[in-house]
Each structure stands twice: as structure tokens, then as C-alpha cells.
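Engineer: Got a sequence here, can you model it:
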Amino acid sequence: MPILPPDPAAAPAAPLRLCIDKDALAANWRALDRASGTGKAGAAVKANAYSLGVPQVVPVLRDAGCADWFVAHWQEVPGVMAHVPAGEISVLHGPVTMDEVAFARECGARPVLNTLEQAARWIEGGGGTCDLMIDTGMNRLGVSLKDLGDPLIARLDVDCAMSHMASADEDAPKNAQQLGRFREARASVKARRFSLANSAAIALGPDYHFDLTRPGLSLYGGIPRREMSAFIRQVAFPQAAVLQVRRVMPGETVGYNATFQATREMRVAIVSVGYADGYLRAWSDKGRFSFEGAALPAIGRVSMDMTAVDVSDVPTLREGDWLGIEYDPVWASRTSGLSQYEIFTVLGSRFSRR
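Structural biologist: Purely as a prediction, here's the structure:
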């Protein structure tokens with residue numbers, strides 16, 4: 001008789017957890033909405049809400065007042081639809097196939113059209129309300145300015161015409177250039193709403209706000225421009241459980257390739273987090289953990305599922321205790337060399353989100 005696999009719900013709790021400060025998350029959206037002036041703030045919730053979890057994030061932002069949602073892939077739509085109406089969801093990659101056109105028309109999510117080919121595909125499939133991405137100089141997704149006069153564009157029922165800023169986190173000439181091009185596009189495209197600003201561009205001022213802003217990073221605690229540090233709060237607080245505490249003697253090494261050698265007797269905790277969880281090898285000998293107020297350094301190379309931590313200063317720590325993983329986005333980016341976007345989106349599925 002075959003042995004049935006256990007119910008996943010009956011499995012022990014994960015030794016990794018991502019604690020999400022819902023009050024901070026809601027406060028960040030409200031602050032960004034206020035900073036958007038006469039525009040309204042939406043929310044980029046692609047990549048599973050920057051890895052924090054759509055089920056944890058979308059209801060909080062919805063209840064705070066958000067009514068515009070942006071995902072990258074069509075596969076992301078059902079998860080967001082579980083919490084908000086499909087008509088509020090925009091899919092940034094647009095309809096590349098007729099199957100995606102059919103899915104959009106069936107569920108009601110809006111495609112963001114990026115090319116004349118996508119516009120033709122959308123019209124051929126029956127059309128309806130859509131969004132339009134305009135390339136103003138990033139040369140990523142978007143219809144070129146020279147193509148905005150094409151008859152296909154005039155046939156579209158565009159709710160939101162948008163573009164994306166390339167350098168809004170810097171005081172770069174590119175910002176004013178893109179703003180000028182977007183104003184030019186606005187004069188030639190018929191749409192109910194216009195949107196240019198991502199998180200960083202909200203801080204560039206009212207000229208960039210238009211009708212709708214599209215924050216992502218700053219919702220989750222990222223600070224792409226220094227001005228935003230006054231009102232953006234940390235949202236994500238990862239934690240990992242201790243698997244073992246061991247004593248390491250002077251001269252002994254820790255971890256792969258023996259990159260760390262003890263110069264004194266130490267207590268070392270082996271903690272259940274590694275690069276398979278998004279705690280990448282960039283944190284080797286750089287990461288920082290905490291326990292009962294004490295700052296504890298990572299030592300040696302980060303492994304796939306484990307990291308070694310010097311816990312000599314906390315003699316009470318035992319197996320099964322939880323360590324906080326230092327993850328302030330600005331500090332984490334500066335220390336690891338990863339961008340703040342990577343800091344969030346690499347967090348793995350083994351974290352329980354709460």
C-alpha cells in the first residue's frame with residue numbers, strides 16, 4: 001500500500017520567518033500618496049510584492065486606500081485578484097501572445113501595451129480598456145515617441161499612458177529630458193490618466209506626479225533618495241533560528257574554504273539561512289544578526305542553507321532561539337553591494353511570512 005505524503009500544513013514551522021510591519025507598510029503608502037500631491041499613489045506588487053508576499057501586502061495597501069496595482073507577468077494576476085478587482089490591475093509586460101489577450105479579456109486585468117504589434121494584437125483580439133507604455137529614453141519597454149502618431153494608437157481605449165524613469169534616484173539631466181518627452185507625448189496621446197513617477201521620482205517634485213504615481217521600492221521600506229528617509233519606515237524584518245551552538249578554538253576555521261580563522265575561543269551559532277533563501281554570499285564576513293539587543297557578526301562563507309554567527313557575547317543563546325537578520329535596506333545595500341531592489345526580491349520562499 002503506497003505511503004501518502006504528509007499534509008504540508010502539518011509540517012513543522014519553518015526555521016525562517018519574515019516579519020512584516022503592517023502599520024509601517026500602510027504608513028509608507030499614505031506618505032507616498034501625500035507626497036504625490038494632486039496625483040494618486042498606486043502600488044507595484046510584482047515579484048510577489050517584492051518578495052514580501054502578495055497575501056500579506058495587498059490587503060494592507062488596499063485598506064490604506066490604494067486602488068491601482070502593477071505586476072509584470074500575467075501569471076501574477078490571479079494572486080492579486082484574490083484581494084482586489086481585476087480592473088485595478090495593470091500587467092506591465094503586455095500581451096505578447098493571443099493567449100494572453102484572451103486571458104486579459106476574460107479576467108478583466110489591463111494590459112500595458114508596449115509596441116505597435118501588441119496594440120494590433122489587442123485590437124485583433126477584441127480590444128477594450130488598456131494602458132500604454134511610452135519610451136521616453138530608457139530604451140526598455142514602451143512605444144517609441146515617433147510611433148505615437150500611428151493610427152493603431154488612436155484606436156486604443158487607453159486608461160493610463162505611462163513612462164518609466166531611468167535615473168530618478170540621481171540628480172541627473174536625464175530626469176528633465178524624460179519629463180520633457182513625456183509632456184510631449186501627453187499632448188499627442190488620448191488617455192484618461194498619465195503616470196511617470198516611480199518611488200524615486202515622487203521626490204523630484206510635482207512636475208513629475210501627473211495623475212498617478214507607481215511606487216514600489218519605497219512601499220517596502222527602500223529609500224532611493226535621501227529626502228525620503230524622513231518619512232519611509234522599515235517594513236521587512238527577517239529572522240532565522242539557531243540550529244546548533246558550538247565552541248571554536250583558536251586556530252580553527254569556520255565554513256567553506258576556511259576563509260575565517262578564530263584568533264580566540266568563540267561560541268559560534270549555525271543559523272538556518274543561506275543563499276538559497278536570498279541571504280547571498282555577498283554577506284560572507286559582512287552580515288550582522290541580533291539577539292536581545294546584541295549585534296552579532298556573520299563569520300566565514302555563507303552556505304546554501306546556513307550561516308555561521310559569532311555569539312560569544314550572548315552566553316544565554318541556545319539551539320532553537322531566533323536571531324534577527326539586520327536588513328535595514330540602506331545599510332544592507334551599502335554593506336553587501338547589492339541594490340535595495342535585490343535586497344528585497346531575493347528573499348526566498350522558505351521564509352514564513354507573517
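
Engineer: drop to CA atoms for contacts and neighbour counts, all remaining ones
Structural biologist: OK.

Engineer: Okay, strands next: where are they in the stretch 51-200 of the chain?
Structural biologist: Here the stretch 51-200 of the chain has its strands, by DSSP state E, counting those that start in this stretch, at 69-71, 89-91, 110-113, 129-133, 157-162, 193-195.

Engineer: Setting aside sequence neighbours, what's the nearest residue to Val271?
Structural biologist: Using CA to CA, 6 or more residues apart in numbering and skipping residues adjacent in sequence, the residue nearest Val271 is Val242, 4.5 Å away.

Engineer: try Ser284
Structural biologist: Closest residue to Ser284 apart from its sequence neighbours, by CA to CA, 6+ apart: Arg301 at 4.7 Å.

Engineer: thought that neighbour was touching Gln261?
Structural biologist: No. Under the criterion of CA atoms under 8 Å, Arg301 lies out of contact with Gln261, with a separation of 11.5 Å.

Engineer: more crowded one of those two?
Structural biologist: Taking neighbours as other CA atoms under 10 Å, Arg301 and Gln261 compare with Arg301 leading, 24 against 16.

Engineer: Now do the same contact list for that one.
Structural biologist: Applying CA atoms under 8 Å, 6 or more residues apart in numbering to Arg301 gives the contacts 255-257, 259-260, 281, 284-285, 307-308.

Engineer: Which elements pack onto the strand ranked longest in the chain?
Structural biologist: Identified as the longest strand of the chain according to DSSP state E is strand 236-248. Secondary-structure packing of strand 236-248 (3 or more CA pairs under 8 Å, 6 or more residues apart in numbering; DSSP states H and E): strand 16-20, strand 266-271, strand 322-325.

Engineer: Pull out the buried positions in the first one.
Structural biologist: Residues of strand 16-20 classed as buried by neighbour count (16 or more other CA atoms under 10 Å): 16-20.

Engineer: Just send the residues you listed back as CSV, with distance to Gly180 and pLDDT too.
Structural biologist: What follows is these, written out as CSV (distance: CA to CA, whole Å; pLDDT from 0 to 100):
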residue, distance to Gly180, pLDDT
Leu16, 47, 97
Arg17, 45, 97
Leu18, 42, 98
Cys19, 42, 97
Ile20, 39, 98
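
Engineer: which among those gets closest to Gly221?
Structural biologist: Nearest to Gly221, judged by CA to CA, of these is Ile20 at 10.6 Å.

Engineer: For that closest one, which non-adjacent residue is closest in space?
Structural biologist: The shortest distance from Ile20 to any residue that is not its chain neighbour, by CA to CA, 6+ apart, is 5.0 Å, and that residue is Ala236.

Engineer: Return the residues in contact with that neighbour.
Structural biologist: Applying CA under 8 Å, 6+ apart, one finds that Ala236 lies in contact with 18-21, 52, 220-221, 327.

Engineer: try it again with 10 Å
Structural biologist: For Ala236, the contact set (CA atoms under 10 Å, 6 or more residues apart in numbering) comprises 18-22, 24-25, 51-52, 220-222, 327-329, 344, 353.

Engineer: pull the helix or strand with minimum mean pLDDT from the protein.
Structural biologist: For the chain, the helix or strand with the lowest mean confidence is strand 352-353, at a mean of 94 (criterion: mean pLDDT, DSSP states H and E).

Engineer: Quickly list what's touching both of Arg301 and Gln261.
Structural biologist: Here Arg301 and Gln261 have 254-255 as joint contacts, going by CA under 10 Å, 6+ apart.

Engineer: next one: the biggest helix by length in the chain to chain centre, how far?
Structural biologist: Residue-count comparison of every helix in the chain, with assignments taken from DSSP state H, identifies helix 173-188 as the longest. With CA atoms, centre = their mean, to the nearest Å as the basis, helix 173-188 stands 26 Å off its chain's centre.

Engineer: tell me the mean pLDDT for that helix?
Structural biologist: Averaged across helix 173-188, pLDDT comes to 97.

Engineer: Which positions within that helix qualify as buried?
Structural biologist: By 16+ other CA under 10 Å, the buried positions in helix 173-188 come out as 174-175, 178-179, 181-183, 185-186.
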